[in-house]
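A.B. asks: predicted model, plus sequence, below.
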Amino acid sequence: MGTLDASRSGITGFIEKGSAMSHATNQPCIISVAITGSVPRKKDNPAVPISIPEQVESTHEAYEAGATLVHLHVRDEEERSSSDRSSFATLQEGIRKHCPDIIIQFSTGGRGRSFEQRGAMLDLRPDMASLATGSVNFPTTVYENPPDFVRTLAQTMLDHDVKPEIEIFDLAMLYSTVDLVQQGLLKEPVHVQFVMGVKNALPARREILEFEVAQLQRLLPSATWTAAGIGRHQLEVNYWTLEMGGHCRTGLEDNVRWDKDTLAKSNAQLVERVAKLCGEYGRPVATAKQARELLALKPAA
């Protein structure tokens, strides 16, 4: 059994690709890599990069494997989520040195971070930053994003010329995104990411993704989109996304495993798998230059 077939059976059993390829496209696929997040620890998988040197090295390996967008968190010495501005600055500097044209995206997520801290590093002017447009239940907590905070964070990104990646954890967040566009707080073309498989949030179901994408294309026809599958759903969401013409996210933040029996060796290994899948679906892997053009970002400095 080949590597791809083995990974399919190991994670989700046999996954139907779909009886029709009506969404098929040969548009280049941007591979985003979420290298560390705020939850996985070394005890979960020793490959999770925690220190800044580890994150720079892991990003470089993933970049060479085909990733052209990196989603970044920083941690403290005890592996906890941090908002330390100097850590973000050092991390960004290291990545730009080794991967000068990769798209750098900061997380403004809320785990262990106050509202005031979550946008405090945006003056460092990464290419992009995450922006959840509403609140949602997570497995053990509420991911709080009150309307006033969302508007303030969106304005901060506008002020620093940082493009948001809109994080969609349930349907209401998509309609809130349209409101922000109408209020002038988001520039078009908007880029959204559908996050699927978080318990209590958006289920990882193909028909839900198809509905959300159809709504996006009706409401914001110039928008681009990515989908992320969490945990065991990572690979099947990659399949759906490639077939439907979206862009893919992978990485140890979302899933520390290669299959149900094996830990992933690295972020690069997960990126390599998606890059191979792109070929299977007739989707070229986007270069960094193409990724910037597709997302309407300025060229790398």
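C.D. replies: Nice, thanks for sending it over.
A.B. asks: just list the residues touching the closest residue to Ala67 other than its chain neighbours, thanks.
C.D. replies: Nearest residue to Ala67, sequence neighbours excluded (Cβ to Cβ, 6 or more residues apart in numbering): Val33, at 4.0 Å. All C-beta atoms are positioned from the backbone trio N, CA, C, and that covers glycine. By Cβ atoms under 8 Å, 6 or more residues apart in numbering, the contact set of Val33 is 59, 62, 67, 69-71, 249-251, 267, 270-271.
A.B. asks: now do the phi/psi pair for Val33.
C.D. replies: phi -120, psi 120 (degrees, to the nearest 10).
A.B. asks: do the one 3 residues further on as well
C.D. replies: Phi and psi for Thr36, reported as degrees, to the nearest 10, are phi -140, psi -40.
A.B. asks: which residues touch it?
C.D. replies: 48-50, 55, 58, 72-73, 75, 252-253 are the contacts of Thr36 under Cβ under 8 Å, 6+ apart.
A.B. asks: pull up the per-residue confidence for it.
C.D. replies: We have a pLDDT of 97 for Thr36.
A.B. asks: what ranges do the strands span in this protein?
C.D. replies: With strands called from DSSP state E, the chain shows them at 31-34, 69-72, 74-75, 81-82, 103-106, 128-132, 136-137, 142-143, 163-168, 191-196, 224-229, 247-250, 257-259, 262-263.
A.B. asks: show me how far the first one is from its chain's centre.
C.D. replies: Yep, that's strand 31-34 we're talking about. 6 Å (Cα atoms, centre = their mean, to the nearest Å).
A.B. asks: before we move on, back to that, out of the contacts of Val33, who's the most crowded?
C.D. replies: Neighbour tally across the contacts of Val33 (other Cβ atoms under 10 Å): the maximum, 36 neighbours, falls on Ala67.
A.B. asks: contact partners for that residue?
C.D. replies: Counting by Cβ under 8 Å, 6+ apart, Ala67 has contacts 31-33, 59, 102, 267, 271.
A.B. asks: go again with 7 Å.
C.D. replies: 31-33, 271 (Cβ atoms under 7 Å, 6 or more residues apart in numbering).
A.B. asks: with Val181 instead?
C.D. replies: 188, 190, 220.
A.B. asks: and for Leu209?
C.D. replies: 194, 196, 227, 240.
A.B. asks: what bridges to the second one?
C.D. replies: The reference is to Met196. Gly229 (DSSP bridges).
A.B. asks: which pLDDT does the model give it?
C.D. replies: pLDDT, Met196: 98.
A.B. asks: show me the contacts for it.
C.D. replies: 202-204, 209, 227-230, 233, 237.
A.B. asks: what about it, distance to Gln92?
C.D. replies: In this view, Met196 and Gln92 are 28 Å apart by Cβ to Cβ, to the nearest Å.
A.B. asks: wait, Ile102 touches Thr287, no?
C.D. replies: No. Under the criterion of Cβ atoms under 7 Å, Ile102 makes no contact with Thr287, lying 10.7 Å away.
A.B. asks: between those two, what contacts are shared?
C.D. replies: With Cβ under 7 Å, 6+ apart as the test, Ile102 and Thr287 both reach Thr68.
A.B. asks: compare the two and say which one has the larger neighbour count.
C.D. replies: Ile102 (23 against 14).
A.B. asks: ok, that one - contacts?
C.D. replies: Counting by Cβ under 7 Å, 6+ apart, Ile102 has contacts 63, 68-70, 95, 288.
A.B. asks: can you redo those as JSON lines with distance to Gly112 and pLDDT?
C.D. replies: Shown next, in JSON lines, are the contacts of Ile102 (distance: Cβ to Cβ, whole Å; pLDDT from 0 to 100):
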{"residue": "Tyr63", "distance to Gly112": "28", "pLDDT": "98"}
{"residue": "Thr68", "distance to Gly112": "29", "pLDDT": "98"}
{"residue": "Leu69", "distance to Gly112": "24", "pLDDT": "98"}
{"residue": "Val70", "distance to Gly112": "21", "pLDDT": "98"}
{"residue": "Ile95", "distance to Gly112": "22", "pLDDT": "98"}
{"residue": "Ala288", "distance to Gly112": "31", "pLDDT": "97"}
